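Novice: Pasting the sequence and the predicted coordinates here, then a few questions.
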Amino acid sequence: MRTRAIARPRALALAVALATTGTVLAGCASTAQTPASAGKSGHFVVAYSQSNNAEPYRAQLNIQLKYFMEKYKDVELLPIADAKQSSATQVSQVQQFIQRKVDALIVSPNEPAPLTSAVAQACKAKIPVVILDRSVNTDCYSAFIGGDNYVAGKKAGQLAVSLLPHGGNVGELQGILSDQPQIDRDKGFRDAIKANPKIHLVVHREAKWLKDDATRITGQWLAQGQKLDLVYAQNDPMALGGYLAASSAGKQKSIKFIGTDGLAIPDGGIRAVQQGQLAGTFIYPTCAKEAAATVEKLLHHQKVAKKSTLDIVAVTPANAAALYKQNDFSRYR
Amino acid sequence: MTGEVTGVAAPVQVAGWRRAVSILGSLQGYVGLVLVVAFGIVTRGDTFLSQANLTNAVGAFASRGILAVGETLVILTAGIDLSVGSMLGLASMVSAMLLVNQDLPPVVILPLCMLCGAAMGLVNGIGSTWLRIQPFVMTLATLSVFRGIDRQLSDNVSVGTQVAGPNGALTGHSNTFQLFGTPGHNLFAGTLGAGVYYPVLAFVLVCVLCQLLLSQTRFGRHVYAVGGNETAARLSGVNTDRVKIAVFVLCGLLAGFAGPIDAAYSASADPLAGTSYELDAIAAAVIGGASLAGGRGSVVGTFVGALILTLLDNVLGLNAVSDNLQLIIKGCIVVVAVVLQRPDLLRSLAHFVRRITARTGRSS
Amino acid sequence: MPPIPDDEPPALSVRGIGKSFPGVRALRGVDLDVHAGTVHALLGENGAGKSTLCNILSGALTDHEGSIELAGRPVRPHSPRDAHRLGIGMIHQELTLVPDLPVADNILLGAEPRTRFGTIDKRRMRARAAELLAAVGLDLDPRAPVRQCRIAEQQLIELAKALSVDVRVLIMDEPTSALADTEVRRLFGVIRTLTARGVAVIYISHRLEELEEIADTVTVLRDGAGVGTRAMADASRAELIGMMVGRPLGEMYPGEGAPDAVAGTRLRVERLTVTADPAAGRAGLHDVDLTVRAGEIVGLAGLMGAGRTEVVEALYGVYGAVRGSISLDDSRYRPSSPRAAIRRGLALVAEDRKTQSLVLDNTVRFNASLAALRRFRRYGRVHRRAERRAVDEQIAALRVRTPGGEAVVGTLSGGNQQKVVLAKCLLTRPSVLLLDEPTRGIDVGAKAEIHGICRRLAAQGTAILLVSSEMPELLALCDRIVVLCEGRVTAVLDSDEASQEAILTAAMARRTVLAGAASGGARAGEGR
């Protein structure tokens, strides 16, 4: 009696496991046949896969993309899919969109390599794909739109050179060292400050794009007795974190801070330039407006540029107020 | 008749050696800290010991340290709280939004945040007692839930706490809020010289209060009893569910308390603030001698553990050790600290030495 | 002086075994010869060094002085695995089974037969397990999880596990401490078949009557040294006890002691009913009636699974609300939780002190005051000085042998741990004391002391309900004995009519058929 009581659930479990495996295999073999959602003629469905909603820059991008997409009446943007910084999640989301047979796909890749095959699958399914900001390792996409991190770093370096005409000591707060934007901005900055050999990059550390880490690290630099004239941070939160540490040591006037990103939010870089906390920052383009326009063209089979690189706009105390107004999307949230 | 099973009266030098061992043993818990501090003094004497540097170092870790204290309470009952980082993040967002949107005075914001944290802790507590979900699973779930609420509230945009009024200067409440820990803003500045940096004060105060709670009150005894042997505690009349819920609530309350500190430290509440802080909190508790099996550990130990973590980071930073190397060294120090604090370490070491000497003695 | 070698060397021979722990000299120069086909008992108070010796022999403790010879060949086991390979098996006092693994997996843990693909050969494993189970007289499905088996069965499973290798020497550390008499019989039967096959058995127990039955030779240890070895047949109880304690101990169970105080009824239980819960290993109770007067000691007797523990736990509120009517000093009492029970003046010394009563890693003071912290409350704090004073008083009154209140409970011997549990109960100033196997696994001296404490408490007017598997204990202590069988009261015996035979008859009132079958035992729904 006891024997059977034990044996039965085991057999049951086995059956369930087999059934599940079977379903999964079947699911893999045949791509779903359900037609594109709500396919009225002249009505297009567009999906956007975002790598990480939680970054302020990307949150801005989301808001702007929704705003610009609404301007095209024949296009419906599906709820934005958040990959939460996971390439695996993003791949499966892209695949789901392919299954749904959306009319166009916008992807902000979390990492190039893992997303390559997913984009290739979309391409094979004849879905136009617009890649934003980070590239993928295939040419099988319709358009790439992005800023140039090297240029962002280089412009920051040029600003540093002009702020320190007699040379000086510079510290650099870096994002996560293995991130491509970090690598590019770092290279651009270093190349630009070579223009003045009296500018020395004396310290540089990884602050992981985070404000509190930047505060802590800058505090340590100042405690070490580093004589810094300028700190370049690869994003605005790190620049502001550094500024906090300097102001706690009473050195906020003698050290200049340069950031990058230039978001038009109350807590962002443009405001900080306006308030004089940062000497300058650079608007790294969100590409939302251009992405919306490109998608619209693709859906109507018009020609688009395969690759377009957008300009990096410098924010100075002089133009900060105007740029803030121009880029402020908070009322559309 | 005494139960002391001591051998023949020990020779004098053996007694002396024993006393030395026992004194060393009682100091052992601090060996890791002593080593880190010694390393700091040797390599970067004046800089390391300067008040500003120590304040910076402890202040940067204060919010995580407070989380670690709450975590210690939970770990003592043989539970674990993985959601502390998310609770801190949500509390910091709540504090910033109350300040920016409602313009509430910070003295009101702080208790509201603590209440908010306590409510989150209550959810954890109820889930892991009445619903019989293992604390690890329950708090793993709420780690995600609380973070989601945080991000929903903020719409993924960080909220700055330095709010400028119409005249361009900071508003009064925003200015006061900076006292919660924006670097460079100290309490009682003027009356007490440079003043006291609130995060450090808060951390120390929380440690003192919780240590007293654990060592002096019935509740503290019950916490140790539940973690040491839950059945025995229940049969001794301890309401074990209530104790477990209480530690989760306290842990949440402390996370709520730490929220404004974290927001003020960065002068903004980031939707991702506090991510992975739970690991630092658990690390501090474990380095401080808490046993994940429950029943063993103390807040004093956790305090020491937190100091080891933050001072180590500080010392490595001051010595400009490369970031990659820092990761390796920090991991190794955690292992070394835990091993050094093992109560039977000296004994087993002495045993080992004795065996080696005996062997060489025999062979010669 | 080395012993003169016989024609056949002893199966196991140890010379001058010594071992030190920090601060304690656990063993000093113990000699022991165990011959094949015999049962050699080790006797001694807790802390005398029996367990240390066995742990050395079984490889659990290394780094000792002295030498070990197996059948004349010097060996030095470095680990339990090593000892296994040499043919030394050990059954620990605490069961070492994995509750959620099936019986077969437990028996062959670490020695699983494998198929050619390297996976476990389940079929062969089950067959081998069934074989071993049969050898110890158990009829169990090898696929059943160990959790479902009763303690007695688990004990025999341990034995089967020890037999899974070709043992030459089998060490058994208190194998009967959790068994009732019939189950002990069964175990003895297995031991006899083993010795008939030429296995040498080292047997540790505190129960002298058992040793008289099963052991051939006995060695007494005291304070880590061998006091002497006797042939069991030639040794008298008094002599052995004298050797163990090192002082003459008048009598083991100084009888007599029924208080003639005709006090009122303290505890009255009527129609107490608890539903069985096989998953939690709980037996059911059906309409149990009993009364305990102030100053009276009432015994609860019965076999394993008869519901003795359930009666005291139900009264103590462990199961929450129960059916039946219970009154304390003529006022209604509804069990709801241990907390409420303590407030009403009940105290429980639970069956298993290690898992149910003590926080082993904490101090004597912490444990003793845990249930009574309310008493020491002052300004929201625990008043340390009052607490320490009260605990020290109890330590002195109960003669707990401990370096002090700050000693860690886990380092004390079993008897002293049990006294700490008693101290914890007494600090709540109970009017009803529930004792569940209070003397299990503790040495003779401590046992006698605990008996003395019970009598003293009763004389002071405490009502005591005592559960025990040892009939001599019940007979010596109790004014009345209530016998349970399968959750029902089958007899209430006054001290003048109680005898081992009477108790056993009542305890097996409904199981005569099953008891006759002897090997199977009743299993369904009553495991513990």
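Specialist: Thanks, I have the structure now. Numbering: from 1, shown residues only, chains lettered A, B, ... in the order given.

Novice: make it CA atoms for all contacts and neighbour counts henceforth
Specialist: Fine.

Novice: Show me what the strand or helix carrying C:Val492 is in contact with.
Specialist: Assigned by DSSP states H and E, C:Val492 belongs to strand C:488-494. The contact list for strand C:488-494 (CA atoms under 8 Å, 6 or more residues apart in numbering or on different chains) reads C:285-289, C:306, C:479-484, C:503, C:506-507, C:509.

Novice: For the most centrally placed residue in chain A, list the residues it contacts.
Specialist: A centroid search over chain A (CA atoms, centre = their mean) returns A:Arg58, at 5.4 Å, as the residue closest to the centre. Counting by CA under 8 Å, 6+ apart, A:Arg58 makes contact with A:50, A:52, A:286.

Novice: Give me the pLDDT for the first one.
Specialist: The reference is to A:Gln50. As predicted, A:Gln50 sits at a pLDDT of 93.

Novice: C:Leu358 too?
Specialist: Value for C:Leu358, per-residue pLDDT: 94.

Novice: for it, phi and psi?
Specialist: phi -120, psi 140 (degrees, to the nearest 10).

Novice: Assign C:Thr505 to helix, strand or coil.
Specialist: Using DSSP: H, G, I helix; E, B strand; the rest coil, the structure places C:Thr505 in helix.

Novice: ok, it to C:Gly307 distance?
Specialist: 17 Å (CA to CA, to the nearest Å).

Novice: Looking at the two, which is more packed in?
Specialist: Set C:Thr505 next to C:Gly307 and count neighbours by other CA atoms under 10 Å in any protein chain shown: C:Gly307 wins out with 29 against 17.

Novice: For chain B, give me the ranges with low pLDDT.
Specialist: By pLDDT under 70, the weakly predicted segments of chain B are B:1-29, B:341-344, B:347, B:355, B:358-364.

Novice: helix or strand for the residue in chain C positioned nearest to chain B, which one?
Specialist: Across chain C, the shortest distance to chain B (CA to the nearest CA) belongs to C:Arg339, at 3.7 Å. Element membership for C:Arg339, per DSSP H and E: helix C:338-343.

Novice: now for that helix, which elements pack on it?
Specialist: helix B:230-235 (3 or more CA pairs under 8 Å, 6 or more residues apart in numbering or on different chains; DSSP states H and E).

Novice: just checking, next helix/strand downstream of the helix it packs on?
Specialist: Taking DSSP H and E, what comes next after helix B:230-235 is helix B:240-265.

Novice: and that following helix, anywhere near chain C?
Specialist: No - counting by CA under 8 Å from any CA of the partner chain, chain C is not contacted by helix B:240-265; separation bottoms out at 10.2 Å.

Novice: Show me which parts of that helix are buried, residue by residue.
Specialist: Judged by neighbour count using 16 or more other CA atoms under 10 Å in any protein chain shown, the buried positions of helix B:240-265 are B:240-241, B:243-265.

Novice: and it, anywhere near chain A?
Specialist: Yes - with CA under 8 Å from any CA as the measure, helix B:240-265 is seen reaching chain A through B:Tyr265.

Novice: Identify those among the contacts of strand C:488-494 that sit within strands.
Specialist: When DSSP state E is applied, the contacts of strand C:488-494 are split such that C:285-289, C:480-484 fall in strands.

Novice: Can you tell me, leaving aside adjacent residues, what's nearest to the residue in the stretch 101-250 of chain B that chain C sits nearest to?
Specialist: Residue of the stretch 101-250 of chain B nearest chain C, by CA to the nearest CA: B:Gly237 (3.7 Å). Once flanking residues are discounted, B:Gly237 sits nearest to C:Arg339: 3.7 Å by CA to CA, 6 or more residues apart in numbering or on different chains.

Novice: give the contact list for that neighbour.
Specialist: C:Arg339 makes contacts with B:234-239, as judged by CA under 8 Å, 6+ apart.

Novice: Near chain A, which residues of chain C? Just list them.
Specialist: C:141, C:143-144.

Novice: As JSON lines, the residues you listed with distance to A:Gly188, secondary structure and neighbour count would be great.
Specialist: Shown next, in JSON lines, are the residues of chain C next to chain A (distance: CA to CA, whole Å; DSSP: H, G, I helix; E, B strand; the rest coil; neighbours: other CA atoms under 10 Å in any protein chain shown):
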{"residue": "C:Asp141", "distance to A:Gly188": "73", "secondary structure": "coil", "neighbour count": "17"}
{"residue": "C:Arg143", "distance to A:Gly188": "68", "secondary structure": "coil", "neighbour count": "19"}
{"residue": "C:Ala144", "distance to A:Gly188": "69", "secondary structure": "coil", "neighbour count": "19"}
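
Novice: tell me which of these is nearest to B:Asp155?
Specialist: C:Ala144 (54.2 Å; CA to CA).

Novice: Touching, A:Ala246 and A:Gln252? I think so.
Specialist: Yes - contact criterion CA atoms under 8 Å: A:Ala246 and A:Gln252 qualify, at 4.9 Å.

Novice: burial count for A:Gln224?
Specialist: By other CA under 10 Å, 18 other residues sit near A:Gln224.

Novice: So for it, what's the pLDDT?
Specialist: 88.

Novice: now it, nearest residue through space, not along the chain?
Specialist: Per CA to CA, 6+ apart, closest to A:Gln224 is B:Leu318, 5.8 Å.

Novice: now C:Gly461
Specialist: Leaving aside its sequence neighbours, C:Gly461 sits nearest to C:Gly295 (CA to CA, 6+ apart; 4.0 Å).
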